[in-house]
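Enquirer: All I have is the shape, not the residue letters:
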C-alpha cells in the first residue's frame, strides 16, 4: 500500500475530523462524503469497525503505513507505562512530525519531503529518514543551504506556527530542540488510542 495522495478533504470527512489541519472546504461540509451526504441512513457500527476506523484515522493523520504502524505499536507495547500513551508519543517523535510541529513545513507530507530531500539535520548530521525517532535533547535544524527555501520561509511567515511545550524553537536560526517527551494531554490530535490498543489486543 502506498501513501494516500487522494483528496484530503474527502478523507477528513470520512473520519469526521480535520486530520490534515485547518481545511476551509471541510468546515463547510463536515458530513460524510457520498452522494446522499447527511441524508444517508447509517446502520450502527460494530465494535471492531469503530476500532478499525480509529486506527485508520491515526495512520492517515501521521502518514504512516500499516507495517510501520504495527511496528510502532509493538514498540509502544514493550515500553513501560500505558501502551496507548506510548504509541502517541512514538508517533510524535517521528522526525517528519517534529519538523511539522516546529513549523518548518505546513503539513506532515511537506515535512516528510523536506526530510527525504536532505534539507534537515539532527545534531548537525543530515538525516533523510522521516520515521527516525527523535530523542530528548536532539537538535533539529534546517540545513544552512536550505534556509532560504520558499516552503520553509512561507510557513514561518504565516505566523500560525503553534508552540508546543516539548519543543523549543529558534525561528532566527531555524533550529529546534526536543526538550521533553510530551504527555498525552499535550498532544492535540483527536485520536482515541485506547480503541487502537483494544483492536490489536484481540
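Expert: Looks like it arrived, so ask away. Every value quoted in this text rests on a predicted model; they were computed, and no experiment measured them.

Enquirer: Now do the buried residues in the longest helix seen in the chain.
Expert: In terms of residue count, the longest helix belonging to the chain (DSSP state H) is helix 47-62. By neighbour count on 16 or more other Cβ atoms under 10 Å, the buried set for helix 47-62 is 51, 53-62. The way it works is simple: take the backbone N, C-alpha and C, and place the C-beta from them, glycine included.

Enquirer: Following it in sequence, what is the next regular element?
Expert: helix 66-78 (DSSP states H and E).

Enquirer: Quick one: the strands in this protein, in order.
Expert: 120-122, 125-126, 139-142, 167-170, 175-178 (DSSP state E).

Enquirer: Using TSV, lay out those strands together with distance to residue 45.
Expert: As requested, these are arranged in TSV below (distance: least, Cβ to Cβ, whole Å):
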stretch	distance to residue 45
strand 120-122	40
strand 125-126	45
strand 139-142	40
strand 167-170	36
strand 175-178	38
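
Enquirer: could you dump those strands to TSV with mean pLDDT, mean neighbour count and distance to residue 187?
Expert: Conversion of the strands of the chain to TSV gives the following (pLDDT from 0 to 100; neighbours: other Cβ atoms under 10 Å; distance: least, Cβ to Cβ, whole Å):
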stretch	mean pLDDT	mean neighbour count	distance to residue 187
strand 120-122	97	21	21
strand 125-126	97	8	27
strand 139-142	98	21	18
strand 167-170	95	16	12
strand 175-178	96	20	14
